[in-house]
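In: My questions are about this predicted structure, shown below with the sequence.
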Amino acid sequence: MSLANKIQSCGDDLLSVAVPGPAESQQLAARLRATGEWLEVVGGIDTVALRFDAANIDADAAQRTAHESIGAGIPVVQSSPVVVEIPVCYGGEYGPDFDAVCSMLDLSAEELVALHTEREYTVDMLGFTPGFAYIGGLDKRLNVARLREPRVQVAAGSVGIAAGRTGLYALPGPGGWVLIGRTSHPLFDATADEPFALSPGTRVRFVAVSAL
């Protein structure tokens, strides 16, 4: 697929490349970072953002460089062979919105947990706060909107759902996702070479546990 007509200017020093989806975004972002031609490359859900040095290159030249860098199009996506199991304690103090979701969607607690744990997922991207994982592929029967009033503080390890995705909070912070549980899986380790346990493209499966 050619991306020649899918590059847009988003400001004085930023270009955006439209791509089909998260996997293609992360693969293309990795390839563009390797060229060393950009100050910053950020892969999103369906775009790749390219920041350039506007003091030394104008927007037209940056566009030409982007076209040359992208070349034939999106690289072949290789899925990870490893599946990370994320234990989750659903409901109760760890999932303050769990009961409300069951009532809203007319599901029993067992049905909600089964729907969330029955399939394998892929991390689409990290963002919002450091290490926060956007995980696609949520069953359509679990589709809920974000909270109208975001929480000021959400505990690290919290598992939220909203707009067709699961969100995992690697660090504590504010958030408006509907919280259905929490994991004890170490999502952040400041002493590790790679401090965040998950990255774009990581395959995950949620496993229900009775306690953290």
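Out: Perfect, thanks for sending it.

In: Point to the helix or strand of the chain where mean pLDDT is at its lowest.
Out: helix 22-35 (a mean of 84; mean pLDDT, DSSP states H and E).

In: Please work out the average pLDDT along the helix or strand following that helix.
Out: Per DSSP states H and E, the first helix or strand lying C-terminal to helix 22-35 is strand 40-43. The average pLDDT for strand 40-43 rounds to 88.

In: how far away is residue 168 from residue 53?
Out: 34 Å (CB to CB, to the nearest Å). For the C-beta atoms, the positions are set from N, CA and C on the backbone; glycine is no exception.

In: of the two, who's got more company?
Out: Higher neighbour count among residue 168 and residue 53: residue 168, with 27 against 11, using other CB atoms under 10 Å.

In: what about residue 45, is that helix, strand or coil?
Out: coil (DSSP: H, G, I helix; E, B strand; the rest coil).

In: excluding its backbone neighbours, what's nearest it?
Out: Among residues not flanking residue 45 along the chain, residue 22 sits closest, at 5.4 Å (CB to CB, 6 or more residues apart in numbering).

In: Find me the pLDDT at residue 145, would you?
Out: pLDDT recorded at residue 145 is 95.

In: what do you get for residue 187?
Out: On the pLDDT scale, residue 187 gets 93.

In: cool, residue 79 as well?
Out: 60.

In: where are the low-confidence patches of this protein?
Out: For the chain, applying pLDDT under 70 flags the ranges 1-5, 72-80.

In: Pop the domain breakdown of it in here.
Out: Domain assignment for the chain by automatic domain parsing gives 7-70, 83-208.

In: would you say residue 122 is within a strand?
Out: Yes - counting by three-state DSSP, residue 122 is part of a strand.

In: Does it touch residue 22 like I think?
Out: Yes - counting by CB atoms under 8 Å, residue 22 is a contact partner of residue 122 at 7.5 Å.

In: what about the two, which has more around it?
Out: residue 22 (22 against 18).

In: show me what contacts the more buried one?
Out: Neighbour list for residue 22: 43-46, 122, 124-125, 134, 136, 200 [criterion: CB atoms under 8 Å, 6 or more residues apart in numbering].

In: For PyMOL, what selects the buried ones among those residues?
Out: Per 16 or more other CB atoms under 10 Å, the buried members of the contacts of residue 22 correspond to this PyMOL selection:
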select buried, resi 43+44+122+124+125+134+136+200
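
In: Go through the contacts of residue 22 and name the one nearest residue 111.
Out: Nearest to residue 111 out of these is residue 136 (CB to CB; 21.2 Å).

In: Pull the contacting residues for the nearest residue to the closest one once chain neighbours are set aside.
Out: Of all residues not flanking residue 136 in the chain, residue 124 sits nearest, at 4.6 Å (CB to CB, 6+ apart). Applying CB under 8 Å, 6+ apart to residue 124 gives the contacts 22, 45, 134-136, 165, 200.
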